[in-house]
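In: Sharing a sequence plus its predicted fold:
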Amino acid sequence: MWDRIRQLAEDSEENRLKIRKMRETFRPELIDGVHDGTRAEALTRGMETVQRILSALKSFGIDPTTIEPAHGPGHWLRDYVNALRLFSQLNVTPAETFIGFVAGSLHDVGCTLVYRFDEAHRLVRHAEVAALLLEFLFELDSFALNKAEQLLIRYGMAAHTHYLRTTQVKDKHGNVIGAIEPYFEMVGDKPFYPVWMPRWVDRLDTNGPAYVGRHYVTLAKEHQDFDGKNYYDVDFVSAMRPLLRTKEERGNDSMTMAEHLRMYAETQNNDSPYGKHDFGAMIELRDAYKARIRRVIEATQMSSAADPELRPEVLQRWKRHLAKNIEPYAKGEEVAGQLTQMFLALPEDTQRSWQNAFNVCLDEYRAWSDEAIKFLETIPVQYRSLPGVCDDLQTMLLLRG
């Protein structure tokens, strides 16, 4: 069975054909086949479905603690909490609530089989692998979902990687191996929300104070990241330069961490191709998160404000925060220690800038987590845990730094 699951991670012709079939089978009218009920009933059913699917994944050895930090348990639990906050307030239909919540909560399960930063040379990427993994599960157990619901959930998970245009894919030798087309997302001039909603959930963890630590842990390894148009090389020393430049000033140089954070923050609006259909609770949450991360970004430019006597304490608090909140598992703790040593080798002015930003980020995270913990009191206690991920969401969200 595990061999069959591992095959889902391959960028094989078989898996490409499966994704193509899913795309061809999908049609927006499927939303009419989602079970009726109230929005509250749809959200409860969504929570039950997420719990059952995660339990099944756990039974097959799918383990988020095997993922490289940034897409592991910390991200999964925040996706779930953000989805709860969003769909508890968002004024959409019960069908949209159910599909958006389930696909949004589970969209990154493919990262258990595919390394997120190896995707530049693949046609079947982590989002597609998530859809393949769910297809495999649905062959064994329907999870009380009909065929329309199964396909809508799988499609929403695959489509959470938001392609704005046809993307040509090359192998590591520069040879073109194919292209990825944008996913269906509009019905005429209106958004098909079950496709947009998993993206919204994902965006809520690429914005706000938790994202600072989440991006920081990716810097422990050299890799390639995406700047909206092209992939660029990332290394720790270059990324940590406290520079905030315009695209013109940057030229062909890679983005710094501060610039990367700002890039994401600047897309959180209705003028962005990513946020153009945001409304209601999505706007309220994204704007509140954006205000928090902006204060962190601004703090990177105020190196003189860092108190030298407090800086060692701030760094230790930051290390605990990474290991206990951002990625609360063994790999997260290992990377937090590794990054601390790498940080201490940076130039003094760089350390001052970022220690000041870390201090601001810890304050912003505390305020955000207090809100989330209070919100979870409104959720039935049996849904305040995630099988294989987290036994107690409220405890895990509590600031440890």
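Out: Now that the structure is in, tell me what you want to look at.
In: check contacts around residue 51.
Out: For residue 51, the contacting residues are 383, 386, 387, by C-beta atoms under 8 Å, 6 or more residues apart in numbering. Yep, even glycine has a C-beta here, placed from its N, CA and C like the rest.
In: wait, I meant residue 47
Out: Contact partners of residue 47, counting by C-beta under 8 Å, 6+ apart, are 84, 101, 379, 380, 383.
In: Buried among these? Make that a PyMOL selection.
Out: Per 16 or more other C-beta atoms under 10 Å, the buried members of the contacts of residue 47 correspond to this PyMOL selection:
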select buried, resi 84+101+379+383
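In: Among the contacts of residue 47, which ones are in helices?
Out: Applying DSSP state H to the contacts of residue 47, the entries found in helices are 84, 101.
In: from the contacts of residue 47, which is closest to residue 52?
Out: The closest of those to residue 52 turns out to be residue 383 (C-beta to C-beta; 11.8 Å).
In: Tell me the one among the contacts of residue 47 nearest to residue 259.
Out: Among those, residue 84 lies closest to residue 259 (C-beta to C-beta), at 31.4 Å.
In: Look at residue 234 and report its pLDDT.
Out: Each residue has a pLDDT score; the one for residue 234 is 87.
In: and it, what does it touch?
Out: Residue 234 neighbours (C-beta under 8 Å, 6+ apart): 218, 219, 222, 223, 224, 225, 254, 255.
In: what separates it from residue 367, distance-wise?
Out: Distance, residue 234 to residue 367, by C-beta to C-beta, to the nearest Å: 29 Å.
In: likewise residue 231?
Out: As for residue 231, its distance to residue 367 is 34 Å (criterion: C-beta to C-beta).
In: Then residue 68?
Out: From residue 68 to residue 367 the distance is 28 Å (C-beta to C-beta).
In: Over to residue 19?
Out: Computed as C-beta to C-beta, the residue 19 to residue 367 distance reads 41 Å.
In: So between these two, which is more surrounded?
Out: With neighbours defined as other C-beta atoms under 10 Å, residue 19 and residue 367 compare such that residue 19 has more, 21 against 13.
In: With adjacent residues omitted, what lies nearest to the more buried one?
Out: Among residues not flanking residue 19 along the chain, residue 128 sits closest, at 5.0 Å (C-beta to C-beta, 6 or more residues apart in numbering).
In: in a helix, that's where the one you found is, yeah?
Out: Yes. Judged by DSSP: H, G, I helix; E, B strand; the rest coil, residue 128 forms part of a helix.
In: Who are the contact partners of it?
Out: 15, 19, 110, 158.
In: so the last one makes contact with residue 22?
Out: It refers to residue 158. Yes. Contact criterion C-beta atoms under 8 Å: residue 158 and residue 22 qualify, at 6.9 Å.
In: Give me the neighbour count for residue 329.
Out: Counted with other C-beta under 10 Å, residue 329 comes out at 20.
In: Give me the neighbour count for the nearest residue to residue 30 once chain neighbours are set aside.
Out: Counting by C-beta to C-beta, 6+ apart, residue 148 is the residue found nearest to residue 30 once chain neighbours are left out, at 4.2 Å. Neighbour count of residue 148, defined by other C-beta under 10 Å: 18.
In: From residue 138, how far off is residue 148?
Out: To residue 138, residue 148 is 12 Å away according to C-beta to C-beta.
In: Mind pulling up the pLDDT for the closest residue to residue 391 other than its chain neighbours?
Out: Closest residue in space to residue 391, ignoring its immediate chain neighbours: residue 385 at 5.3 Å, by C-beta to C-beta, 6+ apart. At residue 385, the predicted lDDT confidence score is 97.
In: try residue 19
Out: For residue 19, the model assigns a pLDDT of 98.
In: quick one: the closest residue to residue 266 other than its chain neighbours from residue 201, how far?
Out: Using C-beta to C-beta, 6+ apart and skipping the chain neighbours, the partner closest in space to residue 266 is residue 272 (7.7 Å). From residue 272 across to residue 201, the span is 17 Å (C-beta to C-beta).
In: Give the helix, strand or coil label for the closest residue to residue 101 other than its chain neighbours.
Out: Once flanking residues are discounted, residue 101 sits nearest to residue 46: 3.8 Å by C-beta to C-beta, 6+ apart. The three-state label given to residue 46 by three-state DSSP is helix.
In: which residues sit in contact with residue 46?
Out: By C-beta under 8 Å, 6+ apart, residue 46 lies in contact with 87, 97, 98, 101, 102, 105.
In: how about a cut-off of 10 Å?
Out: 83-84, 87, 94, 97-105, 153, 383 (C-beta atoms under 10 Å, 6 or more residues apart in numbering).
In: Please apply the same query to residue 354.
Out: Contacts for residue 354 (C-beta under 10 Å, 6+ apart) come out as 212, 216, 240-242, 257-258, 299-300, 303, 306, 311, 314-315, 318, 343, 346, 361.
In: can you tell me how far it sits from residue 335?
Out: As judged by C-beta to C-beta, residue 354 and residue 335 stand 16 Å apart.
In: what do you get for residue 138?
Out: Here residue 138 is placed at a distance of 34 Å from residue 335 (C-beta to C-beta).
In: The residue nearest in space to the middle of the chain is in what secondary structure piece?
Out: Centroid-nearest residue in the chain: residue 202, 4.3 Å away (criterion: C-alpha atoms, centre = their mean). Element membership of residue 202, judged by DSSP states H and E, is helix 193-204.
In: After that helix, which helix or strand is next?
Out: That would be, after helix 193-204 and using DSSP H and E, helix 209-217.
In: Return the set of buried residues in whichever helix or strand comes after that following helix.
Out: Counting by DSSP H and E, the next helix or strand C-terminal to helix 209-217 is strand 223-226. Residues of strand 223-226 classed as buried under the neighbour-count rule (16+ other C-beta under 10 Å) are 223, 225.
In: the helices in the stretch 301-401 of the chain, which residues?
Out: Along the stretch 301-401 of the chain, counting by DSSP state H, counting those that start in this stretch, helices occupy 311-321, 330-344, 348-376, 393-397.
In: export those to a markdown table and tack on mean pLDDT and distance to residue 283?
Out: As requested, the helices of the stretch 301-401 of the chain are exported to a markdown table (pLDDT from 0 to 100; distance: least, C-beta to C-beta, whole Å):
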| stretch | mean pLDDT | distance to residue 283 |
| --- | --- | --- |
| helix 311-321 | 92 | 28 |
| helix 330-344 | 96 | 31 |
| helix 348-376 | 96 | 16 |
| helix 393-397 | 97 | 23 |
